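In: Pasted the sequence and its predicted model underneath.
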Amino acid sequence: MIPYGKQNISQADIDAVVNTLKSDFLTQGPQVPEFESAIASYCGANFAIAASNATACLHLACLALDVGVGDRIWTSPISFVASSNCALYCGGEVDFVDVEPESGLMCTVALRNKLEQAKKLNCLPKVVIPVHLTGQSCDMLQIAELAKHYNFKIIEDASHAIGATYLQASVGKCQYSDICVFSFHPVKIITTGEGGVATTNCKKLAKKLSHLRSHGITKDPTLINDKNQGSWYYEQMALGFNYRMTDLQATLGSSQLTRLDSFVSRRNQLASRYKQLLKGLPLSCVNIHTENYSSYHLFIILLDDSTKRRAVFEHLKENGIGVNVHYIPIYWQPYYQALGFEKGYCKSAEHFYESIITLPLYPELQTHEQDKVIEQLKACL
């Protein structure tokens, strides 16, 4: 089976992790700060805070921005459920902004129209979470301008997009957002096994993110109330969580980061080859905006005839090609239906979902495997 995504683990990765296994620290040691520093430097952000996974980072980001009971958070329906669940964890109320039909990215026109209506009804969002689907950035400049006008905060869900650029700047630099979140799940661009990082340029937010990921506990003598205790003393200042990344994860991440640019370059080469080979077939590829350099976490095609999607999907699976679909609209899930959402809520998102298939794409994908994907697509189309 050719999988849709796959990690790339080198001997250097293995050696680095083994060295950490032999060290004094498997967790809460020096490797996590080193990884955070490397990510911040790569992205051009002031701070990076690592956590156990990207969902934890999204949750922490909402908490750091003081999302609470009754606060409204808007995100894209074409994403994994973590993009919206993170707000529900805080007691917030979730709503969805429709997407561009050619890219699946949050549509700035739909966002503007929804904001205008929300202002009239006095129900503007506190936070908007754009999702950088497939590895390309949403139109963050436009979203940031809307944020200034309508006074909301921005969390970039860049789980797919480390190594990508927008307007020639690294995604994660937070020029147009308060916080940006990356995922390091094994099928992502680089991996820590499980893991995530939140970047920000705000020192206050960085401190809150760091504090809340470790039970809300501090040993900082400048923050502790009881100054008369010994150096062992700590105080819980907030209700935090155990969302820490281990040194083993961070070591793997630091090693992987040294190959990030080559991974993204290879993904772009394979994506370009797909586009050439797919010409003439009754389908289109996800549109990449001219201001973007995509990290190509996913390669998604849109079938001209969506009624054939299931047959095409099953044919490819039966012939050893591990295709997938990214994503089912979040509000189609039974849990969200119980919250009052109904099918038909975001028409472009639903049309996008009904026609898409994710083809295999990862650095070690061989050209003969890619040829097999195309061969089987042609056979069933």
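Out: Arrived safely. Here the structure is a predicted model, which is why all the values come from computation and not from measurement. Numbers count the residues shown, from 1 in each chain.

In: Pull stretch 75-90 out as PDB, backbone CA atoms only.
Out: Presented in PDB, the C-alpha positions along stretch 75-90 are these (Å, rounded to 0.1, in the frame of the first residue of the first chain):
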ATOM      1  CA  THR A  75     -12.900  28.800  12.300                       C
ATOM      2  CA  SER A  76     -13.000  26.900   9.000                       C
ATOM      3  CA  PRO A  77     -15.300  23.900   8.600                       C
ATOM      4  CA  ILE A  78     -12.700  22.200   6.300                       C
ATOM      5  CA  SER A  79     -10.300  21.100   9.000                       C
ATOM      6  CA  PHE A  80      -9.700  18.400  11.600                       C
ATOM      7  CA  VAL A  81     -12.100  18.800  14.600                       C
ATOM      8  CA  ALA A  82      -9.300  20.100  16.800                       C
ATOM      9  CA  SER A  83      -9.500  23.500  15.100                       C
ATOM     10  CA  SER A  84     -12.900  24.100  16.700                       C
ATOM     11  CA  ASN A  85     -12.800  21.700  19.700                       C
ATOM     12  CA  CYS A  86     -10.100  23.900  21.300                       C
ATOM     13  CA  ALA A  87     -12.600  26.700  21.800                       C
ATOM     14  CA  LEU A  88     -15.200  24.400  23.300                       C
ATOM     15  CA  TYR A  89     -12.700  23.200  25.800                       C
ATOM     16  CA  CYS A  90     -12.700  26.700  27.200                       C
END
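
In: quick one: average pLDDT of that stretch?
Out: Across stretch 75-90, pLDDT averages out at 98.

In: what helix or strand is the closest residue to N8 other than its chain neighbours on?
Out: Nearest in space to N8, with sequence neighbours left out and distances taken as C-beta to C-beta, 6 or more residues apart in numbering, is P363 at 5.0 Å. Any C-beta I mention is one placed from the backbone N, CA and C, and that applies to glycine too. Under the criterion DSSP states H and E, no helix or strand holds P363.

In: P363 reaches D261, doesn't it?
Out: No: applying C-beta atoms under 8 Å, one finds P363 not in contact with D261, separated by 11.5 Å.

In: The two - which one has more neighbours?
Out: When P363 and D261 are compared on other C-beta atoms under 10 Å, the one with more neighbours turns out to be P363, at 17 against 12.

In: follow-up on the earlier one: overlap of the contact sets of P363 and D261?
Out: Common neighbours of P363 and D261, counting by C-beta atoms under 8 Å, 6 or more residues apart in numbering, are absent.

In: before we move on, the earlier item: contacting residues around the residue nearest to N8?
Out: Residues near P363 by C-beta under 8 Å, 6+ apart: 8, 262-263, 266-267.

In: which among the residues you listed end up buried?
Out: Buried members of these, scored by 16 or more other C-beta atoms under 10 Å, are 8, 263, 266-267.

In: K279: which of these is nearest?
Out: R267 (19.6 Å; C-beta to C-beta).

In: Buried ones in stretch 136-146, by neighbour count?
Out: By neighbour count on 16+ other C-beta under 10 Å, the buried set for stretch 136-146 is 136-140, 143, 146.

In: Sorry, wrong one. I was asking about stretch 182-191.
Out: Neighbour-count burial for stretch 182-191 flags 182-185, 187-191 (criterion: 16+ other C-beta under 10 Å).

In: Dump these into a markdown table; add secondary structure as well.
Out: Shown next, in a markdown table, are the buried residues of stretch 182-191 (DSSP: H, G, I helix; E, B strand; the rest coil):
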| residue | secondary structure |
| --- | --- |
| F182 | strand |
| S183 | strand |
| F184 | coil |
| H185 | coil |
| V187 | coil |
| K188 | coil |
| I189 | coil |
| I190 | coil |
| T191 | coil |
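
In: re the thing from before, inside helices: which ones of the contacts of P363?
Out: If you go by DSSP state H, these have 262-263, 266-267 in helices.

In: Which stretches in the stretch 51-200 of the chain count as helices?
Out: With DSSP state H, counting those that start in this stretch as the criterion, the stretch 51-200 of the chain has helices at 54-64, 82-88, 108-120, 140-150.

In: Next, the angle from the last one to helix 108-120.
Out: This means helix 140-150. 10 degrees (axes from the mean of the first three to the mean of the last three C-alpha atoms, to 10 degrees).

In: so who does R213 touch?
Out: Going by C-beta under 8 Å, 6+ apart, the list of residues near R213 reads 49, 51, 56, 60, 240-244.

In: Now that we have these, which of them are buried?
Out: Among those, those scoring as buried are 49, 51, 56, 60, 240-241, 243-244 (criterion: 16+ other C-beta under 10 Å).
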